[in-house]
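Participant: Take a look and give me a structure for this.
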Amino acid sequence: MLHTPPRVPRNARTAWTLTGLLYVLFSPPALRAQEATEHVPGLAGKVLTVNGPVDPDSLGATMVHEHIFINRNHPNRPAPTTATRVRFYLKPLTMDMLGAVTMGYPNRDNLILGDETTALQELADYRKRGGGTLVDVTSIGLGRDPAALRRVSKATGVHVVMGTGWDTRALDPRDLEERSLDDLTRELVRDVTSGVGNSGIRSGIVGEIATAGNPPTSVETKVIRAAGRASRITGAPVSLHTDGSGSGRTDAMLDLLEAEGTDLGRVILGNCDNLVRDLPSLTGLLKRGVYVEFDGISEFHILRQAATAAHVGDGIVELIRLGYLERILLSQNVDQKIDLKAYGGMGYTFVLEKFVPHLRGKGVTKKQIRTLIYENPQRILTLAAPKPNR
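Facilitator: Below is the predicted model:
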């Protein structure tokens, strides 16, 4: 059973937000970890949700890579050009269109999760099926909505941890090119210590940080370095979008984080599903101390993925045998309408309803399942003590 998140006294919340804001406005460019966290007493050892800090053991079953509100119609996404495809692209998504969208026909409405009533229904269903916490890693500029996240969290009793960061594949890079590393770091730190904008609603994880360059471009390098610095300064974990291959790009991202003094034990590598078919590459990453996240297991794999849920299940069994049980995370990565139960998808419950029984059938014990969906998320989401500048 979920516990009600502890209430932070109003005067404490006000002081926390005000001092954090003053810090951001008047701190020197070189952020100092001790100063950044002196104004946030007791944050280390807690999980920071949109309703404030909670004890890790209150999270329950946790999916660590989801999107509750997101708009993926970003400037870098190509739109169709033929009249027939344009007409389909511009139509509101209806049930008769689901087959075509599933097959890959682009539809603008499908890429928007913005209806609060639908979100309430989907989260209520997740809670009913045993879910306790969702991590929304929607990046800055892609429809992140702190106030709406707080409303649906309060209404359903599902804890929500909100992310902060940039997806350089989706955003126009010119703004990021013009901003300094210190400026980007300052925004990430502010989102964790003070809140997004003037909302007072704080992020509890740095990410999703997504890049495409191999090696990372200069802008991507700056974004990754800012994420690493913010993690070190605040104690928040980092969630990376990877390319799901053993190309070496992920190692390059980890090298940049490590150069900033980031603890790689506080880093999540998302989109690792396809790597279960390349275990040497996957275990090579695990040897660096990171968490690996399988978050595409509920997708239509015949159409979209090289690795199916069955492949991921086999890979997890082998990783457990190799001693990596405590470094595995599971999720569904809901990020479009056809992923929702309201539109024929599996919603936020595929792991709990389908994948856990699948793993049990492969011999994964109840205790090991608890480690995967309770203990591992609790450990990575718990804010660490900040580290001073190196």
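Participant: what sits up against the host helix or strand of Ile209?
Facilitator: Using DSSP states H and E, Ile209 sits within strand 205-210. Here strand 205-210 makes contact (C-beta atoms under 8 Å, 6 or more residues apart in numbering) with 65, 135, 137-139, 161-170, 188, 192, 223-224, 227, 230-231, 234, 236-241, 268, 270, 381. From N, CA and C alone the C-beta is placed, and that goes for glycine too.
Participant: how about a cut-off of 7 Å?
Facilitator: Applying C-beta atoms under 7 Å, 6 or more residues apart in numbering, the contact partners of strand 205-210 are 135, 137, 139, 161, 163-169, 188, 223-224, 227, 230-231, 236-241, 270, 381.
Participant: ok, the residue nearest to Val356 when sequence neighbours are not counted to Leu359 distance?
Facilitator: Nearest non-adjacent residue to Val356, counting by C-beta to C-beta, 6 or more residues apart in numbering: Ile369, 5.7 Å away. Separation of Ile369 from Leu359 (C-beta to C-beta, to the nearest Å): 6 Å.
Participant: and the two? which has more neighbours close in?
Facilitator: The neighbour comparison of Ile369 against Leu359 (other C-beta atoms under 10 Å) goes to Leu359, with 21 against 17.
Participant: my read is the more buried one is in a strand, agree?
Facilitator: No - counting by DSSP: H, G, I helix; E, B strand; the rest coil, Leu359 falls outside a strand, being helix.
Participant: is it true that it touches Asp314?
Facilitator: No - under the criterion of C-beta atoms under 7 Å, Leu359 makes no contact with Asp314, lying 10.2 Å away.
Participant: measure stretch 53-68 end to end?
Facilitator: 20 Å (C-alpha to C-alpha, to the nearest Å).
Participant: Go through it and flag the buried ones.
Facilitator: 53-54, 56, 58-68 (16 or more other C-beta atoms under 10 Å).
Participant: Pick the one among these closest to Asn110.
Facilitator: Set against Asn110, the nearest of those by C-beta to C-beta is His67 (13.0 Å).
Participant: For that closest one, give me phi and psi.
Facilitator: phi -140, psi 120 (degrees, to the nearest 10).
Participant: ok, the closest residue to it other than its chain neighbours - contacts?
Facilitator: Leaving aside its sequence neighbours, His67 sits nearest to Asp335 (C-beta to C-beta, 6+ apart; 4.4 Å). By C-beta under 7 Å, 6+ apart, the residues touching Asp335 are 67, 70, 72.
Participant: cutoff 8 Å now
Facilitator: Asp335 neighbours (C-beta under 8 Å, 6+ apart): 67, 70, 72, 113.
Participant: correct me, but the third one touches Asn333?
Facilitator: So the one you mean is Arg72. No - judged on C-beta atoms under 8 Å, Arg72 makes no contact with Asn333 at a distance of 11.9 Å.
Participant: follow-up on the earlier one: which SSE is the residue nearest to His67 in?
Facilitator: Asp335 belongs to no helix or strand, assigned by DSSP H and E.
Participant: let's number from 17 now, not from 1
Facilitator: OK, 17 is where the count begins now, so the last one is Asp351.
Participant: Report the central residue of this protein.
Facilitator: Closest residue to the average C-alpha location of the chain: Val153 at 3.2 Å, with C-alpha atoms, centre = their mean.
Participant: how many other residues sit next to Asp294?
Facilitator: By the criterion of other C-beta under 10 Å, Asp294 has 15 neighbours.
Participant: Can you tell me which of the contacts of strand 221-226 end up in strands?
Facilitator: Members of the contacts of strand 221-226 lying in strands (criterion: DSSP state E): 151, 177, 179-180, 254-257, 286.
Participant: nearest to Val117, of these?
Facilitator: For these, the nearest to Val117 is His257 (22.3 Å; C-beta to C-beta).
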